[in-house]
Every structure is written in C-alpha cells, then in structure tokens.
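>>> Turn this into a structure:
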Amino acid sequence: MKEVFIHEKAIVETENIGSGSRVWAFVHVLPEAKIGENANICDHCFIENKVVIGDNVTVKCGVWIWDGVTIEDNVQIGPSVIFSNDKYPRAKNENFVLGEILIKTGASIGAGAVLLPSIKIGEFAMVGAGSVVTKDVPDYGLVYGNPARLVSYICLCNEKFQIENNGDEHICSCGEIYSKESDSIFRKNK
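Have a look, this model is predicted:
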C-alpha cells in the first residue's frame, strides 16, 4: 500500500484519503471529505465536507470544491474551475437548497470552466476551457461556450465525431465504435 503524501503547508482534516494520493501546499480539506486512491490535489485548493473525489482524479491548482460535488474515478479538473452549489445565492439564506454536481468517470473539465448547480457531466465528456455549464452534458459530449453547448462527441482518443440519428454508428479511426440510443451515446467493444 502506497503512503498518502500531505505537504507540510496543507491543512488536511479528513482521514478519508486513499493510498497513493498527494495533497500539495496551501490545500485545505475539511473533516468529512472523501478522497480516493492515487488522487492528486494541487496547490491552493479547498475541499468542503460533503465532497467525494474518486480514484486517479487530478484537481489542478486554484479549485474550490463545495458541498454536494461528487467526482468519480479518472477525472481531470483543470486549474481555476469553479463549482457552485446554490442556484439563488444570498447572504444568510435560510432557504438554501443544495444543488449537487456529479462528474462521471473519465470526464475532463477545462481550465476556468464554471459549473452551475444541479448538473451532471457524463462519462468521458469534455468541457472546454472557460465554458459556463448550465445543464447536463451527455456521455462523450464535447461542450464549450457561454452558455456551454454540445458541439460534438469525443472519442477516448480525443477525435471528435457526430451521431445525428438513433441507431447511427460512428467507428473511430482508433477502432472504438459508438452508437446512439435515445439521447445517450454508447461505446461498443472493438
């Protein structure tokens, strides 16, 4: 079992950190947060109590992750990504409703993206740098802009592709095969 590395200038109040994870300088992790194995939490990050971070996740510098955020395995969070969990923020709001955010396995969130509350980013989806995400992103979806819009789908090899109609297939140059059923994209085995 690999040891957890915690930089001497980090404040880590949780004991829920998986083996092989690294927490760098000027990071503050609250007591109830959960961080998986082999995670890399870079400088100047804040992780609140009701946060779950999976295995093999990279959180780049300057990211604040608030209550209600779940990040599944193998996710990349770019520098200065902004998570929000309150649709109607007001000081001393007694009617606060937590808006949860779910980042599914393998997704990638570009630098400086803003994620509004109550959304899901699908498996292996990609959010472009500087995007403002106001609604769910489908599996393998590539979105960017303000507000973020679906521009195409993206293969695991990062080749963009389109699937227009139900039942259509896309065979990527890398050999991955994708098909669309309803509003979802599915990857088939090679």
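
>>> Isn't V29 up against I11?
Yes. The criterion here is Cβ atoms under 8 Å, and V29 meets it with I11 at 7.2 Å. No exception for glycine: its C-beta is placed from N, CA and C like everyone else's.

>>> And for P31, the neighbour number?
If you count neighbours by other Cβ atoms under 10 Å, P31 ends up with 10.

>>> mind listing what it touches?
13-14, 49 (Cβ atoms under 8 Å, 6 or more residues apart in numbering).

>>> What's the ChimeraX line that selects buried ones from these?
Applying 16 or more other Cβ atoms under 10 Å to the contacts of P31 leaves a buried subset, and the ChimeraX line that selects it is:
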select :14
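
>>> Tell me what G141 is bridged to.
Taking DSSP bridges, one obtains Y153 as the residues bridged to G141.

>>> Below-threshold pLDDT in this structure: ranges please.
For the chain, the stretches with pLDDT under 70 are 1, 164-167, 183, 188-190.

>>> And the residue nearest the centre of it?
I103 (4.0 Å; Cα atoms, centre = their mean).

>>> Now tabulate the contacts of P31 in JSON lines and tack on distance to K160 and secondary structure.
Below are the contacts of P31 laid out as JSON lines (distance: Cβ to Cβ, whole Å; DSSP: H, G, I helix; E, B strand; the rest coil):
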{"residue": "E13", "distance to K160": "42", "secondary structure": "coil"}
{"residue": "T14", "distance to K160": "38", "secondary structure": "coil"}
{"residue": "N49", "distance to K160": "38", "secondary structure": "coil"}
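
>>> of the contacts of P31, closest to G130?
The nearest member of the contacts of P31 to G130, counting by Cβ to Cβ, is N49 at 28.6 Å.

>>> ok, that closest one - contacts?
Contacts of N49 (Cβ under 8 Å, 6+ apart): 30-33, 67.

>>> Farthest pair within these?
Farthest-apart pair in those is P31 and D67; separation 12.6 Å (Cβ to Cβ).

>>> How many residues are close by K104?
Count around K104 with other Cβ under 10 Å applied: 20.

>>> That one and H7, how far apart?
29 Å (Cβ to Cβ, to the nearest Å).

>>> Hmm, S84 and V69 touching each other?
No. At 9.7 Å, V69 does not count as touching S84 under the criterion of Cβ under 8 Å.

>>> Compare neighbour counts for these two and give me the winner.
Neighbour count, other Cβ under 10 Å: between V69 and S84, V69 has more, with 25 against 18.

>>> quick one: contacts for that one?
Applying Cβ under 8 Å, 6+ apart to V69 gives the contacts 48, 51-52, 83, 85, 100-101, 103.

>>> Need the buried ones from these selected in PyMOL.
Buried subset of those, written as a PyMOL selection, criterion 16+ other Cβ under 10 Å:
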select buried, resi 48+51+52+83+85+101+103
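
>>> Just send the contacts of V69 back as a markdown table, with distance to G62 and secondary structure too.
Below are the contacts of V69 laid out as a markdown table (distance: Cβ to Cβ, whole Å; three-state DSSP):
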| residue | distance to G62 | secondary structure |
| --- | --- | --- |
| E48 | 15 | coil |
| V51 | 16 | strand |
| V52 | 21 | strand |
| F83 | 12 | strand |
| N85 | 18 | coil |
| E100 | 22 | coil |
| I101 | 18 | strand |
| I103 | 17 | strand |
